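Chemist: dropping the sequence and predicted coords here.
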Amino acid sequence: MLLVRKLKLHIGSIVLAVALVVGGAIWQAWFSQQANRSPTGSSVPGIIIGSVAAGIILFELLLWPRKWLRRFRLFPTKYWMVAHIWLGLATGPLAYIHSGYRLGGTFTMILMGLLFFILLSGIYGWVIQMVLPKWMLGNLPYETITGQIDDVSIQAALNARRMLTVAYGPKPDGLRKLPILDNFASEMSGAVAVKNGRQEVKAIVIGAVQRRDSKTSRNEIDAGIEFDAADGRELWRQYAAVIEPFMLRGIALSYGDVSKTHASKTQASQNDASFNSPVKTRQKMIDWFSMLRDSHSVTARPIVERLEKLIEQRLQYDAQRRAQSWLHGWIAFHASVSVVLGVLLVAHIVLALKYM
Amino acid sequence: MQENGRQRAAKIERFYHKALDQFIYRKRWLSLLSLFVGISYSAWLLLSSDGALHVTTGELSQPHFAWNKTGCENCHLPNIPIRTDAWGGERIENIAKNNNQCNGACHAVTGHFEANTKTGVLESESCSTCHREHLGFDRSLVEVYDVECARCHADMASVALVPAALNSNALKPVSNFSSENGHPEFASLKIPDPGTIRFSHAQHMRPGQPKSPNGADAKKLDMIPEKFRGLYQYRVDANKLIQLTCSDCHARDVELRGYEGLELADSKPTASVQTTNHMLYKPLDFDKHCVGCHDLDGLPHGLDRDEMNQAIQELNPLKTLEYLKTRFKEPELDSLADGKMSKEMKDEIDSRKQRLDAILVNGGITCKKCHEPSSELNSIVAPSNLKRQWLRDASFTHGAHLMVSCKDCHAEAYKASNEVFDSEMVGNKKSEEESNQVMIAGLAKCRECHIQDAQLRSQKFATLKHVATADCVDCHRYHSDSPRKSITVGAAVPFASGSMSDVHRFLANEKSP
């Protein structure tokens, strides 16, 4: 696996971590046997092992300020991370050896508990960061920058609207109202080659598809197709009722005729509607679009297929968001608990030296 | 038209990376919150008195419990390690400073055979090495781990000042109680009974207490004075013979605590007998335990010389005449000379004669039935020297052993003996042997229940009736090197003057010059 492939990078830190733990355990055991007392944190090996563990914790915390000091070209990040992982893992056993294999009082128990949760979250993060990116690469071809998902979704909706407008004309009256996306339309004007007039349309880009193969990176509709106007109203209706609400769910948008507060409420209710959307899972989406295809003429199929792709893209964005939260959500916990541990470690050192 | 890279790039906000990602946002706020929590908690630990409750590694024991929150400095000197295995804690000056925290205003600690210990050995001993604190309210500070004793006692040559003394039992190596060579036999039990009372447990445990088994002299309830029958009415067997039990003579004393029991020995507390619960047996009392069968014909037990002389003088002929003169009239007194006295007067004279005989004739024999005559001029009988505390170097409390039958540890007292115990035969060797026999089971018997290994103890718990720990502190204490002294009762009956009286001569079976 990844670790095996990069063993050369890891081996130094692994050896150092194992040597520290095994050496510390042997030294502590030997000393306690000589002293005929149970091992303790205040013995010579106890203090030195504890100091080493504290030093490692300080080094681990330095990973954060190191980001601010990147311009000084300290060691490459990969070395920092490898040392962070393996030496960090060693702090747990080292702290336990230092304590004489006891948890002690409430304060030291809290310290050990914090260290345990830090290690646990770190291991979780390490594993998840080895597994998830690989999974995402294979399963989320529409992956984009997570922070831009909303923007890309809006642009995709704009593209879809334009596509339907080009194919069937503007949205007929009497259908469900769509949110205002004009501001976004101006932003993307340079990116989408849409020329005014139906006969002049050459191609329409309908999303930030990132797959590298040329076949799917293009989303074109042949300009020569004669679209059946009868399909237009029904497709616009389905688009306004199902497809776009699902694509834009969770995004605060204005409907133009209501106050901002009311708009949020409207959007919230839309979100609720999208929660019960017939396309909320991939399987449901396939079934639903299959029905949509069957209920329209053959000429509408390319349009339906592209709308289907937009929904699939949105589903993948959702999956990407979840994966991102798994990938990065733990860091907030890991870092904040590390900060507490760092502060309490100072208090522990002061108290231990005073009441040794 | 195919999307080009520029078009695609334009879909993404140009400076999106400058916007705060939700994960970064959360991380920063949580870290700031954590920093605040960490600093607040640290300040509370360092500045608040309640913080000590979190810093402490465990609750203090009962005697020190008042310092649980605010008394850390009473024991912990700032920046001086209290443990001897701590970095710098092994320095003699640090040990002395720490020991002074205990040994001073609060504790008056005595030494431990300082005269016989090499220099530097006791100086390197810290109070906290043996008396481990922070192990909970109920943890006794006296519960010292065996390993602390074995540090020196397993190899006495390394710590004792006089290697030649290693031959003595007290300095034999002791590593643990359970293993065969881990603990020497009880030296106290090898010393013969110093008591001078001639007594056969075998005889007294026989039904009817005959001198020989199934002897004709076995006592039945109706053969003892009526006033004592109530004491033994529930001790009668099917043949109406009295069957004594241990508790007929050995009555448990009140449970003594701390050093109370030591006052009996009229000595300062010794390491040997310090204990928290100390139950001894009351001294034997002739008027309670013996008089039922061994009536002295009206002669009180334990008379001293003055009382005895006074009794003799009261009963001698001259005093008798004076007494008769106060009791009878002149005509009746005249009959004394011709021998034709009244029956009443004759009975009175006979009664006084009998009582005098009880002292002068029978008295000597009766006393000697149990007592050795004293070789001292000022004593009538030798001191009984009955021991109350048999184990000199260990404390033993019957209170902790009440669930065990007396017979389990004192089987010799129940031994069926065919020996004829004739107390009147002075010098009977067999009787002497039994009287001098220490009827206490030795080390092997203790080991049957006292098992050191916890795992083995729990295993044996399933099969044995009773199991107990076998820690050093179960029996031994540390803080004293006072001379070992046996606790005895029954001191010699002293004479007021130094001359040997007639009574003494009678009791010694000597003829008057």
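Modeler: Nice, I can see it.

Chemist: give me the nearest residue to the closest residue to chain B within the stretch 201-350 of chain A, chain neighbours excluded.
Modeler: Using CB to the nearest CB, A:Val343 is the residue of the stretch 201-350 of chain A that sits closest to chain B, at 3.1 Å. Any C-beta I mention is one placed from the backbone N, CA and C, and that applies to glycine too. Using CB to CB, 6 or more residues apart in numbering or on different chains and skipping the chain neighbours, the partner closest in space to A:Val343 is B:Gly38 (3.1 Å).

Chemist: what about the one you found, how many residues nearby?
Modeler: 22 (other CB atoms under 10 Å in any protein chain shown).

Chemist: what comes up buried for the helix or strand where B:Arg447 lies?
Modeler: Per DSSP states H and E, B:Arg447 falls inside helix B:443-449. Residues B:446-447, B:449 are the ones in helix B:443-449 that count as buried (16 or more other CB atoms under 10 Å in any protein chain shown).

Chemist: distance of A:Asp294 from A:Trp288?
Modeler: 11 Å (CB to CB, to the nearest Å).

Chemist: which one of those two has more residues nearby?
Modeler: A:Trp288 (19 against 9).

Chemist: so the more buried one sits in a strand?
Modeler: No: counting by DSSP: H, G, I helix; E, B strand; the rest coil, A:Trp288 is not found in a strand; it is helix.

Chemist: ok, and the closest non-adjacent residue to it?
Modeler: In space, A:Trp288 is closest to A:Pro278, 4.6 Å off (CB to CB, 6+ apart).

Chemist: quick one, domains of chain A?
Modeler: For chain A, automatic domain parsing gives the domain ranges A:2-140+A:330-354, A:146-323.

Chemist: angles on the backbone of A:Pro141, please.
Modeler: Main-chain torsions, A:Pro141, degrees, to the nearest 10: phi -70, psi -20.

Chemist: next, count neighbours for it.
Modeler: 16.

Chemist: what is the burial count for B:Asn103?
Modeler: B:Asn103: 14 neighbours (other CB under 10 Å).

Chemist: what's the closest non-adjacent residue to A:Leu341?
Modeler: A:Leu114 (4.5 Å).

Chemist: that neighbour is in what secondary structure piece?
Modeler: Going by DSSP H and E, A:Leu114 is part of helix A:106-139.

Chemist: can you give me the helices in chain A?
Modeler: Secondary structure of chain A, counting by DSSP state H: helices at A:2-5, A:7-35, A:44-61, A:63-68, A:77-98, A:106-139, A:149-168, A:182-187, A:214-217, A:229-238, A:244-247, A:260-275, A:282-294, A:301-354.

Chemist: swap that for the stretch 151-300 of chain B, please
Modeler: For the stretch 151-300 of chain B, the helices defined by DSSP state H, counting those that start in this stretch cover B:201-205, B:226-232.

Chemist: highest mean neighbour count out of the ones you listed?
Modeler: Stretch with highest mean neighbour count among the helices of the stretch 151-300 of chain B: helix B:201-205 (a mean of 19; mean count of other CB atoms under 10 Å in any protein chain shown).

Chemist: in PDB, list the C-alpha atoms belonging to it.
Modeler: Presented in PDB, the C-alpha positions along helix B:201-205 are these (Å, rounded to 0.1, in the frame of the first residue of the first chain):
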ATOM      1  CA  HIS B 201      -3.700 -29.700  80.200                       C
ATOM      2  CA  ALA B 202      -4.100 -33.400  79.300                       C
ATOM      3  CA  GLN B 203      -5.500 -34.200  82.700                       C
ATOM      4  CA  HIS B 204      -7.800 -31.200  82.800                       C
ATOM      5  CA  MET B 205      -9.200 -31.900  79.300                       C
END
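
Chemist: chain center to it, what's the gap?
Modeler: 25 Å (CA atoms, centre = their mean, to the nearest Å).

Chemist: and that helix, what does it pack onto?
Modeler: Helices and strands touching helix B:201-205, by 3 or more CB pairs under 8 Å, 6 or more residues apart in numbering or on different chains; DSSP states H and E: there are none.

Chemist: report pLDDT for residue 150.
Modeler: Unless you meant another one, I'm taking chain A. A:Asp150 is assigned a pLDDT of 86 by the prediction.

Chemist: correction: the question concerned chain B.
Modeler: Looking at B:Ala150, the pLDDT reads 88.

Chemist: residues in contact with it?
Modeler: Residues near B:Ala150 by CB atoms under 8 Å, 6 or more residues apart in numbering or on different chains: B:174-176, B:472.
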